[in-house]
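> Sequence unavailable; structure follows:
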Ligand code: 9D3
């Protein structure tokens, strides 16, 4: 999958994109990341990309022209049609279902907003899919873009070692009616630590009993901690 990332702060990305799973995915040819600085597309000599909001108020608004020209230029860099995405607090809150859908696309063009927001007219013109990563306030869309990319790349065939994309489904456990479940507790050596012991069933060697215990733990923890989790 090709990722085009449009940002005013592209320098925030390389450490995240080169480490761990995301780094392995690009080295293995499963994903390619292309960073673009929106400021490079400003057509004024001061490379100004933001301005004061009409109607007054705090903060600055990202101007239409630099972002629009950046999207047009970037899309022409490759013939693969791109799915446009804008990270914004006004977007649909990201869930695994949407991640799974986006993981099937050949190319994503991801716009990380900054400042108070983007001039609404460029959103109307570009018609991006608008996504949020949750109900809390970030300083900009860059970290949100990295979260999105991380969640998608680990689903790409080959990246986690399992070639078929359907396999992922069996790794995220589900209970009754396809409800997604939280994970069970995990333990490793030593068997006793600060007087705390490992649940006996895990040491029993009875694989059936272990499976039953884990399933019960998953259901109980989901009920207690995340009663809101649903089919998505
Ligand atoms: C007056 C309210 N503004 C500041 C508190 C609104 C506001 C503007 C810009 C709040 C955050 C941001 C920057 N955030 C993002 O661009 C963003 C984001 C987020 O803040 N939370 C969750 N997901 C996302 S995706 C992009």
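Arrived safely, thanks for sending. Here the structure is a predicted model, which is why all the values come from computation and not from measurement. Residues are numbered from 1 along each chain as shown.
> Just the buried residues of the helix or strand where residue 84 lies, please?
Element membership of residue 84 [criterion: DSSP states H and E] is strand 83-93. Judged by neighbour count using 16 or more other CB atoms under 10 Å, the buried positions of strand 83-93 are 84, 85, 86, 87, 88, 89, 91. Where C-beta positions appear, they are placed from N, C-alpha and C, glycine not excepted.
> can you check stretch 149-163 too?
149, 150, 151, 152, 153, 154, 155, 156, 159, 160.
> Stretch 40-47 now?
41, 42.
> can you start the count at 645 instead of 1 from here on
Noted, 645 is the first residue going forward, which turns the last one into stretch 684-691.
> average pLDDT across stretch 777-791?
Mean pLDDT, computed over stretch 777-791, is 98.
> So what touches it?
Under the criterion CB atoms under 8 Å, 6 or more residues apart in numbering, residues 649, 651-653, 656-657, 660-661, 730-733, 737-738, 754-759, 775-776, 792 lie in contact with stretch 777-791.
> and the ligand, which of those contact it?
Restricting these to those within reach of the ligand (CB under 6 Å from any ligand atom) leaves 731, 732, 733, 757, 776.
> Correct me if wrong: residue 647 contacts residue 750.
No: using CB atoms under 8 Å, residue 647 makes no contact with residue 750, being 10.8 Å away.
> which parts of the lengthiest helix in the chain are buried?
Once the chain is assigned using DSSP state H, the helix that runs over the most residues is helix 851-869. Within helix 851-869, the residues that qualify as buried are 854, 857, 858, 861, 862, 863, 866, counting by 16+ other CB under 10 Å.
> Would you convert those into JSON lines that also reports distance to residue 673 and pLDDT?
As requested, the buried residues of helix 851-869 are arranged in JSON lines below (distance: CB to CB, whole Å; pLDDT from 0 to 100):
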{"residue": "854", "distance to residue 673": "38", "pLDDT": "98"}
{"residue": "857", "distance to residue 673": "41", "pLDDT": "98"}
{"residue": "858", "distance to residue 673": "36", "pLDDT": "97"}
{"residue": "861", "distance to residue 673": "39", "pLDDT": "97"}
{"residue": "862", "distance to residue 673": "35", "pLDDT": "96"}
{"residue": "863", "distance to residue 673": "40", "pLDDT": "96"}
{"residue": "866", "distance to residue 673": "37", "pLDDT": "96"}
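> Switch those residues over to TSV, and while doing so, append distance to the ligand to every line.
Compiled in TSV, the buried residues of helix 851-869 are given as follows (distance: CB to the nearest ligand atom, whole Å):
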residue	distance to the ligand
854	38
857	37
858	33
861	31
862	28
863	30
866	24
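> so how far is the ligand from residue 751?
Here the distance between residue 751 and the ligand works out to 20 Å (CB to the nearest ligand atom, to the nearest Å).
> quick one on the thing from earlier: will you turn the buried residues of strand 727-737 into TSV that also has pLDDT?
Supplementary listing: the buried residues of strand 727-737 in TSV, determined by pLDDT from 0 to 100:
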residue	pLDDT
728	99
729	99
730	98
731	98
732	98
733	97
735	98
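> I'm done for today, thanks for sticking with me.
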